[in-house]
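Trainee: only the shape, not the letters, is given here:
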């Protein structure tokens with residue numbers, strides 16, 4: 001009898017210990033995940049980004065041509081300045097990471113309005129130029145543009161959009177209407193920041209949600225002036241001069257395995273027209289929209305064999321990239337449609353949604369990975 005009681009007591013203790021362990025594990029799971037009941041009655045486990053971790057990413061941009069110049073003497077120039085801001089935000093809308101750059105792209109013409117620049121050459125952004133940009137020599141604080149852009153981005157981290165928009169600034173001169181007047185920026189940023197603040201605000205306003213686990217943010221870009229042209233008049237057909245700069249921008253969030261958690265693709269296709277005498281005919285103070293901003297106004301849908309405009313195809317391409325690593329994206333199967341379309345997707349998932357040539361957008365994605373922090 002005593003032996004049987006002893007066995008019973010040991011069994012009861014063991015059962016209560018197991019029950020205690022089970023309760024602890026259940027409690028821990030409840031703390032770290034959010035379980036929702038779906039309409040069909042099954043339980044689906046989802047995770048919510050914590051404060052300070054990446055929940056959304058956005059891409060902002062501001063394009064101007066105000067520094068372009070009519071023909072004077074033996075030179076004219078079309079200059080496109082495209083500010084690019086890739087930003088990551090947490091669930092509360094505060095900046096987690098931000099990358100700022102500026103593609104200052106110039107196309108020169110000679111006295112006969114023939115293109116004088118090497119339009120096939122690589123066009124670098126201010127960050128890519130690094131010390132070659134040459135601001136440090138004239139800087140009162142001895143800092144190059146890329147160093148100042150980084151300092152400005154670092155200042156934004158942890159702040160809300162309203163806090164960033166509320167930055168105190170001073171007008172230095174007509175070319176510098178908004179230089180930071182914040183104590184923690186006066187020794188690190190002397191550039192005028194209105195365009196960069198506008199860029200991060202736009203990134204916030206159009207931010208997209210990304211998959212859980214995003215840890216790094218990258219900004220990639222491919223800049224080309226290859227479609228620029230000089231004046232010609234042959235066989236009764238007159239072609240007027242034009243500086244055309246295409247600035248492809250790719251903002252991407254990556255997880256700790258290097259897989260895409262979310263990406264945004266856009267293209268600023270900016271054209272500056274001249275008459276045959278070298279006078280600029282494009283409104284230098286006009287608004288210059290990207291292909292995504294133009295949306296249906298871009299006009300691809302009419303000619304598209306799949307009835308989709310550029311912004312829709314760019315989104316479909318970005319969606320396809322999510323969950324894949326760079327090598328998988330680079331190995332996308334493509335086919336040559338014609339000389340202008342050398343790499344159209346030949347993947348079953350994309351043939352009904354993407355007919356544009358994707359080589360530059362993949363290159364931009366790869367660059368965003370290489371630049372990710």
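Mentor: Perfect, thanks for sending it. Fair warning: this is a prediction, and the values are worked out from it, not measured in the lab.

Trainee: distance of the residue lying closest to residue 95 once chain neighbours are set aside from residue 251?
Mentor: Distance criterion Cβ to Cβ, 6 or more residues apart in numbering; nearest residue to residue 95, sequence neighbours excluded, is residue 156 at 4.8 Å. Placement of C-beta: from N, CA and C, glycine included. Residue 156 is 15 Å from residue 251, where distance means Cβ to Cβ, to the nearest Å.

Trainee: out of those two, which sits in the busier spot?
Mentor: The residue with more neighbours, out of residue 156 and residue 251, is residue 251; 32 against 23, by other Cβ atoms under 10 Å.

Trainee: what residues does that one make contact with?
Mentor: Applying Cβ atoms under 8 Å, 6 or more residues apart in numbering to residue 251 gives the contacts 57-59, 86-87, 99, 203, 217-220, 263-264, 368.

Trainee: tell me which of those fall in strands.
Mentor: 57-59, 86-87, 99, 217-220, 263-264 (DSSP state E).

Trainee: now these in a markdown table, with neighbour count?
Mentor: Output for the ones in strands among the contacts of residue 251, formatted as a markdown table (neighbours: other Cβ atoms under 10 Å):
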| residue | neighbour count |
| --- | --- |
| 57 | 26 |
| 58 | 22 |
| 59 | 26 |
| 86 | 32 |
| 87 | 30 |
| 99 | 24 |
| 217 | 25 |
| 218 | 24 |
| 219 | 25 |
| 220 | 27 |
| 263 | 30 |
| 264 | 23 |
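
Trainee: where are the low-confidence patches of this structure?
Mentor: Low-confidence segments of the chain, defined by pLDDT under 70: 1-50.

Trainee: now do the helices in it.
Mentor: 2-32, 126-129, 145-156, 161-165, 194-205, 291-294, 310-321, 326-330, 359-370 (DSSP state H).

Trainee: distance from the chain centre to the fifth one, please.
Mentor: Between the mean C-alpha point of helix 194-205 and the mean C-alpha point of its chain there is a distance of 12 Å (Cα atoms, centre = their mean, to the nearest Å).

Trainee: that helix - contacts with which helices or strands?
Mentor: strand 56-64, strand 75-89, strand 95-109, helix 145-156, helix 161-165 (3 or more Cβ pairs under 8 Å, 6 or more residues apart in numbering; DSSP states H and E).

Trainee: which residues does that helix contact?
Mentor: 57-62, 64, 83-87, 89, 93, 95, 98, 100, 149, 152, 156, 161, 164-165, 167, 169, 177-178, 251.

Trainee: now the residues you listed: which count as buried?
Mentor: Taking 16 or more other Cβ atoms under 10 Å as the criterion, what is buried in those is 57-62, 64, 83-87, 89, 95, 98, 100, 149, 152, 156, 161, 164, 167, 169, 178, 251.

Trainee: no further questions, thank you.
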